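A.B. asks: no letters, just coordinates:
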């Protein structure tokens, strides 16, 4: 495979395509705001131990679901809300969360590697139980740039894209042309499949094969020097019926983006309100948690329309 962006920003680079987020790119992106309306693109995080909320939010099987502990009535980890000066009380809570496959998140460049090398030829042995000392999510920083919305489900005239339908370069190009937009360096491109809507009717079907972009579509986007690619499925790329990535390893979307180009992936987005707004260009804002050595971070991305 190619190592397309390795050493492009120096031997020690750990941010990848995020280096394209120059002040000029940010200032230009502000011009994408039309109405000043702000939309969250995140799934809710549910998971109180006293109910089954976490199971009702789209997620992949086999992942530890979010656990939200509350210190109010003694039902979780404390005896109750703390009294303050006899006239008020304070409730505390604790959250245990595995972002991959359970909620809206952004992948770090340390999330995937090949031949014992991370992005930019950093050694994969630096990713261990103590965290990733190379290419962790704490190296990314905030993303403020132009967002492009490619509503593939809407373009195809479907409530959601069928997993058998390939979202290839031709489809993305047609969708972009219909919306009157073209990716440019520094953009974040969000692709809507509509797949989260399937979960409400059939969690089992949601957790099987999923639609997503194929290798040709991924190449088209990274060749435009985008900073990140987001999707409302669980892996950005298509997922096979066995739960694994569709296609050969040489065409794996995670390797193409995270490993080869240093392009971050944003997964499990909620894009229904953005689709209803019908505005394909906007200001995109997202700040991952500075989790030292993390392979991902929960994320609440914002579209400023």
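C.D. replies: Nice, thanks for sending it over. None of the values given here were measured: they were computed from a predicted structure.

A.B. asks: pull out the buried positions in stretch 12-19.
C.D. replies: Of the residues in stretch 12-19, those buried under the neighbour-count criterion (16 or more other C-beta atoms under 10 Å) are 13, 14, 15, 16, 17, 18. From N, CA and C alone the C-beta is placed, and that goes for glycine too.

A.B. asks: what about residue 96, distance to residue 226?
C.D. replies: When C-beta to C-beta, to the nearest Å is applied, the distance between residue 96 and residue 226 equals 33 Å.

A.B. asks: and the two most separated of the buried residues of stretch 12-19?
C.D. replies: 14 and 17 (11.9 Å; C-beta to C-beta).

A.B. asks: in the stretch 51-200 of the chain, which spans are helices?
C.D. replies: Counting by DSSP state H, counting those that start in this stretch, the stretch 51-200 of the chain has helices at residues 152-155, 169-179, 196-201.

A.B. asks: what sits up against the last one?
C.D. replies: So the one you mean is helix 196-201. Residues outside helix 196-201 that contact it (C-beta atoms under 8 Å, 6 or more residues apart in numbering) are 43, 57, 58, 159, 160, 205, 206, 232, 268, 270, 272.

A.B. asks: can you rerun that using 10 Å?
C.D. replies: Outside of helix 196-201, the residues that reach it under the criterion C-beta atoms under 10 Å, 6 or more residues apart in numbering are 43, 56-59, 153, 159-160, 163, 204-208, 210-211, 232-234, 268-272.

A.B. asks: can you check the first one too?
C.D. replies: The set of residues that contact helix 152-155 without belonging to it, under C-beta under 10 Å, 6+ apart, is 158-162, 165, 167, 171-172, 174-179, 191-195, 197, 211-213, 217, 231-232, 271-272, 275-276, 278.

A.B. asks: now do the contacts for the closest residue in space to residue 34 that isn't next to it in sequence.
C.D. replies: The spatially closest residue to residue 34, leaving aside those adjacent along the chain, is residue 305, at 6.0 Å (C-beta to C-beta, 6 or more residues apart in numbering). Taking C-beta under 10 Å, 6+ apart as the definition of contact, the neighbours of residue 305 are 32-39, 147, 149, 273-274, 277-279, 281-283.

A.B. asks: sort out for me which of those residues are in strands.
C.D. replies: Using DSSP state E to define strands, the subset of the contacts of residue 305 located there is 38, 39, 147, 149, 281, 282, 283.

A.B. asks: on that earlier part again, now list the buried members of the contacts of helix 152-155.
C.D. replies: 160-161, 165, 167, 171-172, 175-176, 179, 191-195, 211-213, 217, 231-232, 271-272.

A.B. asks: dump the ones in strands among the contacts of residue 305 to JSON lines, plus distance to residue 4, pLDDT and neighbour count.
C.D. replies: Below are these laid out as JSON lines (distance: C-beta to C-beta, whole Å; pLDDT from 0 to 100; neighbours: other C-beta atoms under 10 Å):
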{"residue": "38", "distance to residue 4": "34", "pLDDT": "98", "neighbour count": "13"}
{"residue": "39", "distance to residue 4": "32", "pLDDT": "98", "neighbour count": "19"}
{"residue": "147", "distance to residue 4": "23", "pLDDT": "98", "neighbour count": "28"}
{"residue": "149", "distance to residue 4": "25", "pLDDT": "98", "neighbour count": "28"}
{"residue": "281", "distance to residue 4": "26", "pLDDT": "98", "neighbour count": "20"}
{"residue": "282", "distance to residue 4": "28", "pLDDT": "98", "neighbour count": "26"}
{"residue": "283", "distance to residue 4": "28", "pLDDT": "98", "neighbour count": "21"}
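
A.B. asks: got the domain boundaries for this structure?
C.D. replies: Domain segmentation of the chain under automatic domain parsing yields 16-44+99-304, 64-96.

A.B. asks: residue 178 touches residue 150, doesn't it?
C.D. replies: Yes - when contacts are counted by C-beta atoms under 10 Å, residue 178 is listed as touching residue 150 (9.4 Å).

A.B. asks: could you tell me which residues touch both of these two?
C.D. replies: Taking C-beta under 10 Å, 6+ apart as the contact criterion, the residues that touch both residue 178 and residue 150 are residue 280.

A.B. asks: so how far is residue 22 from residue 32?
C.D. replies: As judged by C-beta to C-beta, residue 32 and residue 22 stand 16 Å apart.
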